[in-house]
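1. Output the structure for:
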Amino acid sequence: MSKIKEWKTQSIKHKVAMVLIMDGVSFSYNEEDGIVFTASAEYVERLKSRLVTCYGASLKPIIYEYK
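-> This is a model prediction of the structure:
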């Protein structure tokens, strides 16, 4: 099991927020960092794939580890 980390993204924020809400993952938003949430690395990889295959994103979102 991987460690829970904090992540941030400015990519397709409306779709990322929608999936996080559906999954029950709390997040915050600010102009500088975009969406900030905590999750495992495995969840983030699944999230990227789901956004393309299930929710119509044309590209996988860019999600960075928040430092």
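
2. and the residue positioned nearest the centre of the chain, what does it touch?
-> Closest to where the C-alpha atoms of the chain average out (CA atoms, centre = their mean) is V16, at 5.3 Å. Taking CB atoms under 8 Å, 6 or more residues apart in numbering as the contact definition, V16 lies against 9, 35, 47, 51, 61, 63. For glycine as for every other residue, the C-beta is placed from the backbone atoms N, C-alpha and C.

3. Regarding stretch 49-67, how distant is the last residue from the first?
-> 23 Å (CA to CA, to the nearest Å).

4. Out of the contacts of V16, which two sit at the greatest distance?
-> I35 and L51 (12.3 Å; CB to CB).

5. before we move on, back to that, just the contacts of V16 now: which is nearest I21?
-> Closest to I21, out of all of the contacts of V16 and judged by CB to CB, is I35, at 10.9 Å.

6. Just give me the neighbour total for that closest one.
-> 21 (other CB atoms under 10 Å).

7. Now name the helix or strand holding it.
-> Counting by DSSP states H and E, the element that carries I35 is strand 34-40.

8. Return the list of helices and strands in contact with the next helix or strand after that strand.
-> Scanning forward in sequence from strand 34-40 by DSSP H and E, the next helix or strand is helix 41-53. The helices and strands touching helix 41-53, judged by 3 or more CB pairs under 8 Å, 6 or more residues apart in numbering; DSSP states H and E, are helix 13-23, strand 63-65.

9. nearest to K3, of these?
-> That would be strand 63-65 among the helices and strands packed on helix 41-53, by CB to CB, at 10.8 Å.

10. Any regions of this structure where pLDDT drops low?
-> Applying pLDDT under 70 to the chain picks out residues 1.

11. mind checking which helix or strand the closest residue to V52 other than its chain neighbours is in?
-> The spatial neighbour of V52 that comes closest, neighbours along the chain excluded (CB to CB, 6 or more residues apart in numbering), is K60 at 5.6 Å. According to DSSP H and E, K60 maps onto no helix or strand at all.

12. Against E45, how distant is K60?
-> To E45, K60 is 9 Å away according to CB to CB, to the nearest Å.

13. Tell me how far stretch 60-67 lies from the chain's centre.
-> 7 Å (CA atoms, centre = their mean, to the nearest Å).
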